[in-house]
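# Sharing a sequence plus its predicted fold:
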Amino acid sequence: MKPEKIKGLFESERRDVRVSVSGWVRTRRDSKEFSFLEINDGSCQANLQIIADATLPNYVECVQKLYPGASVCVTGMLRQSQGAKQSLELQAETIQMLGASDPLSYPLGKQRIGFERLRELPHLRVRTNSFAAVARLRSALAFAVHQFFQSRGFVYVHTPIITSSDCEGAGEMFQVTTLNLSEPLPRDGKGVDYRQDFFGARASLTVSGQLEGETYACGLGDIYTFGPTFRAENSNTRRHLSEFWMIEPEMAFADLEDDQQLAEDFLHEMFSAALKRCPDELAFFDKRVLPGVLARLEKLAASPFVRMTYTDAVEQLEKSGHDFEFKPFWGMDLQSEHERFLTEQICNGPVIVTNYPESIKAFYMRRNDDGKTVAAMDVLLPEVGEIIGGSQREERLDVLENVLCEKGLDPARYSDYLDLRRYGTVPHAGFGLGFERLVQICSGMHNIRDVIAYPRAPGLIR
């Protein structure tokens, strides 16, 4: 029979009943007459204390060989604990060792281990308090993402991972090929002859599901994607991953104002969901990872988002008199220091900056009538900077064709995308949010590599 979850035992009011639980041993303390075991099954932050009497028939050969990391199945009486540190304890009647653990080689002992060392142990680090809490928070937020969009009538669309389109136009894509790289590559006079490759054309891993998402929005109305994306950007920082998950809603018959409102509503809902569903995990993060993260999350969940244009934002930065490392000027891409100054010093809360210079934004963003800016937005948070980037899309065929040529992109590669403008074009808008950034904000984890199970980054594959 499948054992009960430790979380369920703590949440129930049952006492003096016989139950079975399984988990991994965190600690064992021995006395003359009994041993205390702390076990955890991953269902919650708390460990369950097991009292194992020395009279158990396998006490010597089993219980006293239960070292940290060993797995056990325990049956016994659940009762109110007499100790001050826990509310429940289990008086063991039977203890079965499912898997032993070598105390000399097991790397997760009682001593505290740094996150950098734990990144070298991705297969074991989820057994620690920090990474188990991150995993549960991540799961709760992922569920909340689907609930938010489904409750608003959005259709969930699975966009392709392998693509021939570069959504961002930056060229930082991982190539996918079945050509034999140990032999000379076939050539056609212009370079590699991809007609002989698996797909008959150059293919890459997607950097975004937006372009395909737009096609479905222009037939279904409101859609969202939530899946893995890839960037071959050689950024070895605490804020970048080569493989991450993106949330990308797209709305037909919508403009930039609708996009801003959706983004604000979405973030409010995500922060509220984290507070509601993961109180123990957030309390742990607040105590052990980043003191103050809980208060920050509570404030973000209740804060209105200030809205300002890029031009106004630059003016505010210029007249602030602050000694920035990068002097602000109109036309520049705002740096993290500028984004944080806007949110922390000028507005004291989240900010949505709109209408950026067209020269620093992607080809698909709608050109504004001023001829200088596009209908783009970035959502900025205190202590974090940018969390969401979005825009109203360019729905005018002639304008979009001209922009593609200006950016040096081949319109033939975007023929499907252009067809949306040929046949029943509509105003539409959407945004993208890196899911790991959201988990990082809610948990307070310093490095983004610590909020995904198996991080991928330059030189890091396992």
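Great, that's in hand. What you see is a predicted model; the values in this text were computed from it and never measured. Residues are numbered from 1 along each chain as shown.
# all contacts plus neighbour counts: C-alpha atoms, from now on.
Will do.
# Only the C-alpha atoms, please, for the longest strand seen in the chain, written as CSV.
When the chain is scanned for its longest strand (criterion: DSSP state E), the result is strand 17-30. These are the backbone C-alpha positions of strand 17-30, laid out as CSV (Å, rounded to 0.1, in the frame of the first residue of the first chain):
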residue,chain,number,x,y,z
VAL,A,17,-3.9,6.4,14.5
ARG,A,18,-1.7,3.9,12.8
VAL,A,19,-0.1,5.2,9.6
SER,A,20,2.7,4.3,7.2
VAL,A,21,5.2,6.8,5.8
SER,A,22,8.3,6.6,3.6
GLY,A,23,11.1,9.1,3.1
TRP,A,24,14.8,9.8,3.3
VAL,A,25,16.6,10.1,6.6
ARG,A,26,17.9,13.5,7.4
THR,A,27,19.4,12.8,10.8
ARG,A,28,19.6,10.1,13.5
ARG,A,29,20.2,10.6,17.2
ASP,A,30,20.7,7.6,19.5
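# Would you mind giving the secondary structure of the residue lying farthest from the centre of the chain?
Outermost residue of the chain with respect to the C-alpha centroid, by CA atoms, centre = their mean, is Thr55; its distance is 48.7 Å. Here Thr55 is coil, with the state taken from DSSP: H, G, I helix; E, B strand; the rest coil.
# who touches the longest strand of the chain?
With CA atoms under 8 Å, 6 or more residues apart in numbering as the test, strand 17-30 has contacts from 3-6, 35-42, 66-79, 110.
# Recalculate using a threshold of 7 Å.
3-5, 35-41, 67-78 (CA atoms under 7 Å, 6 or more residues apart in numbering).
# Now the buried members of the residues you listed.
Neighbour-count burial (16 or more other CA atoms under 10 Å) applied to the contacts of strand 17-30 gives 5, 35-41, 67-78.
# Inside strands: which ones of the residues you listed?
Judged by DSSP E, these include 35-40, 71-78 as members of strands.
# Switch these over to a markdown table; also include distance to Ile441.
A markdown table is the format used below for those (distance: CA to CA, whole Å):
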| residue | distance to Ile441 |
| --- | --- |
| Ser35 | 40 |
| Phe36 | 37 |
| Leu37 | 34 |
| Glu38 | 30 |
| Ile39 | 29 |
| Asn40 | 26 |
| Ser71 | 33 |
| Val72 | 35 |
| Cys73 | 36 |
| Val74 | 38 |
| Thr75 | 40 |
| Gly76 | 41 |
| Met77 | 41 |
| Leu78 | 37 |
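# Which stretches in the stretch 201-350 of the chain count as helices?
Along the stretch 201-350 of the chain, counting by DSSP state H, counting those that start in this stretch, helices occupy 210-220, 256-277, 279-284, 293-302, 310-319, 336-341.
# Near Glu61, how many other residues are there?
If you count neighbours by other CA atoms under 10 Å, Glu61 ends up with 9.
# From Ala92, how far off is it?
Per CA to CA, to the nearest Å, Glu61 is found 16 Å from Ala92.
# go on, Arg231?
Distance, Arg231 to Ala92, by CA to CA: 51 Å.
# now swap in Asp265 and tell me
49 Å.
# Among those two, which residue is more densely surrounded?
Taking neighbours as other CA under 10 Å, Asp265 and Ala92 compare with Ala92 leading, 20 against 14.
# Now do the buried residues in the helix or strand containing the more buried one.
Taking DSSP states H and E as the criterion, Ala92 maps to strand 88-99. Buried positions in strand 88-99, judged by neighbour count with 16+ other CA under 10 Å: 88-93, 95, 97.
# circling back: quick one: the ones in strands among the buried ones among the contacts of strand 17-30 as CSV, columns for pLDDT and distance to Ser12 too.
Below are those laid out as CSV (pLDDT from 0 to 100; distance: CA to CA, whole Å):
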residue, pLDDT, distance to Ser12
Ser35, 96, 25
Phe36, 95, 23
Leu37, 96, 21
Glu38, 96, 19
Ile39, 97, 18
Asn40, 97, 17
Ser71, 98, 24
Val72, 98, 22
Cys73, 98, 20
Val74, 98, 18
Thr75, 97, 17
Gly76, 96, 16
Met77, 96, 14
Leu78, 96, 11
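# and the angle from the longest strand of the chain to strand 88-99?
When axes from the mean of the first three to the mean of the last three CA atoms, to 10 degrees is applied, the directions of strand 17-30 and strand 88-99 differ by 70 degrees.
# End to end on stretch 70-88, go ahead and measure it.
From its first residue to its last, stretch 70-88 covers 21 Å (CA to CA).
# what's the answer for stretch 432-446, then?
End-to-end span of stretch 432-446 (CA to CA): 22 Å.
# ok, and what's touching it?
Under the criterion CA under 7 Å, 6+ apart, residues 134, 138, 244-248, 282, 285, 289-290, 293, 297, 387-390, 448, 451-452 lie in contact with stretch 432-446.
# Okay, now the unreliable bits of the stretch 251-400 of the chain?
Within the stretch 251-400 of the chain, no stretch has pLDDT under 70.
# Helices of the stretch 351-462 of the chain, start to end?
397-406, 415-422, 435-443.
# which helices and strands does the second one pack with?
Just to be clear, that refers to helix 415-422. In terms of contacts (3 or more CA pairs under 7 Å, 6 or more residues apart in numbering; DSSP states H and E), helix 415-422 is packed against helix 397-406.
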